[in-house]
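J.: Sequence and computational prediction follow.
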Amino acid sequence: MAAPSLAASTLAERIVARAAGRDRVRPGEIVTARVDLAMIHDSGGPRRVKPMLEELGVGVWDPDRVVVVSDHYVPAVDAQSAAILKLTRDWVKGQAIRHFYDQMGICHVVLAERGHLRPGRFVVGGDSHSPTGGAWGAFMFGVGATDMAGVLATGETWLRVPETILLHWSGQLADGVCAKDMMLHLCARLGMDGGRYQVVQYAGPAIAALSMTERMTLSNMAAELGAQTGLIAPDAVTAAGIEAAGGDAGDWADWQDDGTAACAERHSFDAGSLAPQVAAPHSPANAGPVDAAEPAAIDQCYIGACTGAKLQDLHAAARVLKGRQVAAGTRLLVAPASTRITAAAAADGTLAALTAAGAILLPSGCGACAGYGAGVLAEDETCMASTARNFRGRMGATTSRVWLGSPYTVAATAVQGRIADPRPFLAERP
Amino acid sequence: MAAPSVNPGAILAPIRGRAWLVGDDVDTDVLAPGAYMRGPVEELARHCLEAVRPDFAAGVAEGDIVVAGRNFGMGSSREQAAQALRILGVGAVLAPSFGGIFYRNAFNLGLPVLVCDHGGRIADGDRLVVEPMAGRVADETAGIALDSDAVPDHLAAIVASGGLIPYLKQRFARQS
Ligand code: SF4
């Protein structure tokens, strides 16, 4: 599967061209592309696509190219969620799908940690944070259940070839500032439709310096920019990450951005001058530096979701919380993004540091992020979360209010009981 | 699935209804609240837009048209956001821009959504006539005509079939 080697094509165009069986494609064209991998979860997956495939009288086009993850309604809290999880298991068995991760973590994180993602691949996910796969150099985007049923039935889908918006980051992040802060800043600067359903591509020295975990946070929140996906050209860090996950990095070196392609827009940012960011209710675009945020009293702090509960996120929280206590009147909930992350955090002492500070440990899954699982908010309650979205009512009651921040900022807020800048906590050890 | 081509016989009839105004950035969690996502979608539909327009689900009539601000349907991929509107009888949605996933979902479920820069000229409750294939919007109450983008060719066949599944069913039937 050789990468079309074409000057003046963006990385996104080259991946789409390969999937569409074309030498080159141009932004704005409508093309049909073969899908290398499809990912679905318990909420938008089997329970929605099963009746549609039955209506069409077909099964999945290639069971080995389908990954199913139960993460939204886990563990079951009532008869309805239990039935959804059972339906998922039964359907997976009936379709002879081997790649099934039942309650092992959140789909976007599981897909990466189990080595399913590779540079240059065209991947469709039945979830809006599917751009997360872009961190691995894959063109991965989210679709709804009916679109997914079409993919599962035929192995292909249509798309309008997107333009590329380059987001160039120079400099180096300060201690206590991370990828989440970069994304909240981008949401504020570009707005939640700044991505125009085109591709955003992250590049520059500050991106090259990031771990795969942090890169995934950037690509994940391309969704909050309204982009179709958020790409990062693969490098040695990507290749090492794939190998470590037991995957095959294969032809990663073929999927470089040749740098000659004309991007539709280019925006430049300085990582060195970035402060920790906080997004006020009810939009990620309501973001600004933490020291300018009103120090609102916070009822619940939540470290969770595909965006903000990976191992490095838990390490960040533990750095703040070690030897400190969650403030009286505030609760801290921690839902590690996968069971593997929970195990690793148990092994390296991170969980002990969190629970000693008073954190309440939750199962690995979407949890309260979208208001489906444990940890939802009551009327008028306030929350500081490491999740991606703070839409009105998403985490519970419509009168609840959610602020977004990095795991550092959520941890510092838990200690203070009010929105707090994490940097002083990192500077002085208790 | 191949990029669908237009079926010349499939022309969408004009849609007539009252305008329901909502603002910018109406998200999928407001259209399809998470608390009802586990249960039947008919029940969820009764809470559609509840957080921003509590009068909507009970008051909307067959053929009515949601007239929204920028980035309508942004957020989650949950297509219950578009399905709830269809269940409530909404005939079309007009907005200057849409969330990318919602836009696809709407057509897949047979709900025409039109890119229309209405610029505040339509008032809540105005009587509208929308012609999706021609990209024409008439506000009969205000006595004005507005332009919208026509339904793109590759989506016209899908929405005219009633959605992606009926469309694919017809295609599979032709192949066999
Ligand atoms: S953790 Fe939240 S954002 Fe991530 S997939 Fe689950 S519901 Fe979506």
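T.: Good, I have the coordinates. Numbering: from 1, shown residues only, chains lettered A, B, ... in the order given.
J.: And the strands in the stretch 101-250 of chain A?
T.: A:122-125, A:139-142, A:156-160, A:164-170, A:199-203, A:229-231 (DSSP state E, counting those that start in this stretch).
J.: Would you tell me which one of those is buried the most?
T.: Highest mean neighbour count among these (mean count of other C-beta atoms under 10 Å in any protein chain shown): strand A:229-231, with a mean of 31. C-beta here means a position set from N, CA and C on the backbone, and glycine is covered the same way.
J.: where in chain A is pLDDT low?
T.: Across chain A, the ranges flagged by pLDDT under 70 are A:1-7, A:258-260, A:430.
J.: Close to the ligand: what parts of it are there?
T.: By C-beta under 6 Å from any ligand atom, the residues of chain A that approach the ligand are A:106, A:127, A:129, A:305, A:306, A:366, A:369, A:370, A:387, A:388.
J.: ok, 5 Å please
T.: A:106, A:129, A:305, A:306, A:366, A:369, A:370 (C-beta under 5 Å from any ligand atom).
J.: who's in contact with whichever residue of the stretch 151-300 of chain A sits closest to chain B?
T.: The nearest approach of the stretch 151-300 of chain A to chain B comes at residue A:197, 3.3 Å away (C-beta to the nearest C-beta). Residue A:197 sits next to A:162, A:226, A:227, A:228, B:99, B:100, B:103 when contact means C-beta atoms under 8 Å, 6 or more residues apart in numbering or on different chains.
J.: And it, its phi and psi?
T.: According to degrees, to the nearest 10, the main-chain angles of residue A:197 amount to phi 60, psi 30.
J.: pLDDT-wise, which helix or strand of chain B ranks last?
T.: helix B:153-161 (a mean of 89; mean pLDDT, DSSP states H and E).
J.: Quickly check: it near chain A or not.
T.: Yes - for helix B:153-161, a contact with chain A is found by C-beta under 8 Å from any C-beta of the partner chain, at residue B:154.
J.: Same check on stretch B:55-74?
T.: Yes - using C-beta under 8 Å from any C-beta, we find that stretch B:55-74 touches chain A at B:70, B:71, B:74.
J.: and the gap between residue A:24 and the ligand?
T.: 34 Å (C-beta to the nearest ligand atom, to the nearest Å).
J.: In the stretch 1-150 of chain A, what residue comes closest to chain B?
T.: Closest point on the stretch 1-150 of chain A to chain B, by C-beta to the nearest C-beta, is residue A:144, at 3.4 Å.
J.: Dump the strands of the stretch 101-250 of chain A to JSON lines, plus distance to residue A:290.
T.: Shown next, in JSON lines, are the strands of the stretch 101-250 of chain A (distance: least, C-beta to C-beta, whole Å):
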{"stretch": "strand A:122-125", "distance to residue A:290": "32"}
{"stretch": "strand A:139-142", "distance to residue A:290": "30"}
{"stretch": "strand A:156-160", "distance to residue A:290": "38"}
{"stretch": "strand A:164-170", "distance to residue A:290": "19"}
{"stretch": "strand A:199-203", "distance to residue A:290": "22"}
{"stretch": "strand A:229-231", "distance to residue A:290": "24"}
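J.: Include distance to chain B when you put those into a markdown table, please.
T.: Output for the strands of the stretch 101-250 of chain A, formatted as a markdown table (distance: least, C-beta to the nearest C-beta, whole Å):
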| stretch | distance to chain B |
| --- | --- |
| strand A:122-125 | 8 |
| strand A:139-142 | 5 |
| strand A:156-160 | 4 |
| strand A:164-170 | 13 |
| strand A:199-203 | 11 |
| strand A:229-231 | 10 |
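J.: Identify each buried residue in stretch A:282-298, please.
T.: A:282, A:283, A:284, A:285, A:286, A:287, A:289, A:290, A:293, A:296, A:298 (16 or more other C-beta atoms under 10 Å in any protein chain shown).
J.: and the fifth one, what does it touch?
T.: Looking back up the chat, that one is residue A:286. Going by C-beta under 8 Å, 6+ apart, residue A:286 touches A:188, A:279, A:280.
J.: Likewise for the second one?
T.: Each residue near residue A:283 by C-beta under 8 Å, 6+ apart is listed here: A:187, A:192, A:390, A:391, B:25.
J.: mind running it again at 10 Å?
T.: A:187-188, A:191-192, A:224, A:389-392, A:404, B:24-25, B:27, B:74 (C-beta atoms under 10 Å, 6 or more residues apart in numbering or on different chains).
J.: is it fair to say it lies in a strand?
T.: No - in this structure, residue A:283 is coil, not part of a strand, as judged by DSSP: H, G, I helix; E, B strand; the rest coil.
J.: measure it to residue A:402 for me?
T.: 10 Å (C-beta to C-beta, to the nearest Å).
J.: Now for these two: what residues contact both?
T.: With C-beta under 10 Å, 6+ apart, residue A:283 and residue A:402 have common neighbours A:389, A:390, A:391, A:392.
J.: can you redo these as JSON lines with neighbour count?
T.: Listed next are the shared contacts of residue A:283 and residue A:402 as JSON lines, based on neighbours: other C-beta atoms under 10 Å in any protein chain shown:
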{"residue": "A:389", "neighbour count": "29"}
{"residue": "A:390", "neighbour count": "23"}
{"residue": "A:391", "neighbour count": "24"}
{"residue": "A:392", "neighbour count": "20"}
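J.: These also near chain B: which ones?
T.: A:389, A:391, A:392 (C-beta under 10 Å from any C-beta of the partner chain).
J.: How about the contacts made by the first one?
T.: I take that to be residue A:389. A:128-129, A:192, A:221, A:223-224, A:279, A:282-284, A:305, A:307, A:369-370, A:395, A:402, A:404, B:27-29, B:74-76.
J.: are any of the residues you listed buried, and which?
T.: Buried residues within the contacts of residue A:389, defined by neighbour count using 16+ other C-beta under 10 Å: A:128-129, A:192, A:221, A:223-224, A:279, A:282-284, A:305, A:307, A:369-370, A:395, A:402, A:404, B:27-29, B:74-76.
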